[in-house]
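Enquirer: fold the following, please.
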Amino acid sequence: MVSDWNARARTALPAALTGAGLVVVAVGMFLPWLRSGAVLRDSFQVVGVITTLGFLRGQALELVLRAWFAIIPAITLSVVLYALGFRRSGATLGAAIAIITGTVSGGATVESGGDDGPLGIAATGPATTLTGSVLAVLGAVLIVVNGRGGTRRNAGGEP
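Expert: Numbering: from 1, shown residues only. So this is what the prediction gives:
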């Protein structure tokens, strides 16, 4: 009974950590990322402004910028894969999402500086997204590591 609980805890806790991290990433993406006077913009609004102004028109980074809108559906796909029993695939997708969002939000968090100017990076959204990314990567790594434990067992023959 205790070993059964330990086995469930080994799979449930990392999954909960990854899921919670991905939820925090999603929430952080909708929190303020840019401050322009009295207006605060979330990450999607920032991407929309950059796209509308055409700063990256015709460059490879434009595709990366547009891919930002696919992160929420990718988070959903990661959770669905895990729920359907594809734990390592869901964890791998979740880790990839968390690495991408963590890199972007980490850079924005470092560059945010203080809140003294009328124009700048707001720290709330990037810091929240970075925190969720760290949690999601940690949970995904634990899922993959725990998932490999079952492959080491002797499938047949002598114990």
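Enquirer: from now on I want contacts and neighbour counts done on CA atoms only, so please keep to that.
Expert: OK.
Enquirer: figure out the helix or strand that the residue nearest the centre of the chain lives in.
Expert: Central residue of the chain (CA atoms, centre = their mean): residue 98, 2.9 Å from the mean position. For residue 98, the host element (DSSP states H and E) is helix 87-111.
Enquirer: packing partners of that helix?
Expert: Counting contacts by 3 or more CA pairs under 8 Å, 6 or more residues apart in numbering; DSSP states H and E, helix 87-111 is packed against helix 2-30, helix 71-83, strand 119-121, helix 124-149.
Enquirer: where does the prediction get shaky in the chain?
Expert: 1-5, 7-9, 113-116, 147-159 (pLDDT under 70).
Enquirer: the same query, at a cut-off of 80, please.
Expert: 1-11, 112-118, 147-159 (pLDDT under 80).
Enquirer: if we can go back for a sec, which of the helices and strands packed on helix 87-111 sits most buried?
Expert: Comparing those by mean neighbour count (mean count of other CA atoms under 10 Å), helix 124-149 comes out on top with a mean of 22.
Enquirer: isn't the residue nearest to the centre of the chain up against residue 22?
Expert: Yes - contact criterion CA atoms under 8 Å: residue 98 and residue 22 qualify, at 7.3 Å.
Enquirer: anything in contact with each of these two?
Expert: 132, 133, 136 (CA atoms under 8 Å, 6 or more residues apart in numbering).
Enquirer: let's have those residues in a markdown table, adding distance to residue 60.
Expert: Converted to a markdown table, those look like this (distance: CA to CA, whole Å):
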| residue | distance to residue 60 |
| --- | --- |
| 132 | 27 |
| 133 | 24 |
| 136 | 27 |
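Enquirer: before we move on, back to that, can you put the helices and strands packed on helix 87-111 in TSV and add distance to residue 45?
Expert: Compiled in TSV, the helices and strands packed on helix 87-111 are given as follows (distance: least, CA to CA, whole Å):
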stretch	distance to residue 45
helix 2-30	9
helix 71-83	14
strand 119-121	13
helix 124-149	12
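Enquirer: looking at these, which is closest to residue 47?
Expert: Closest of these to residue 47 is helix 2-30, at 11.1 Å (criterion: CA to CA).
Enquirer: which other helices and strands does the closest one contact?
Expert: Counting by 3+ CA pairs under 8 Å, 6+ apart, helix 2-30 packs on helix 43-53, helix 71-83, helix 87-111, helix 124-149.
Enquirer: ok and the longest one relative to helix 2-30, angle-wise?
Expert: The directions of helix 124-149 and helix 2-30 differ by 150 degrees, with axes from the mean of the first three to the mean of the last three CA atoms, to 10 degrees as the criterion.
Enquirer: with that, I have no additional questions.
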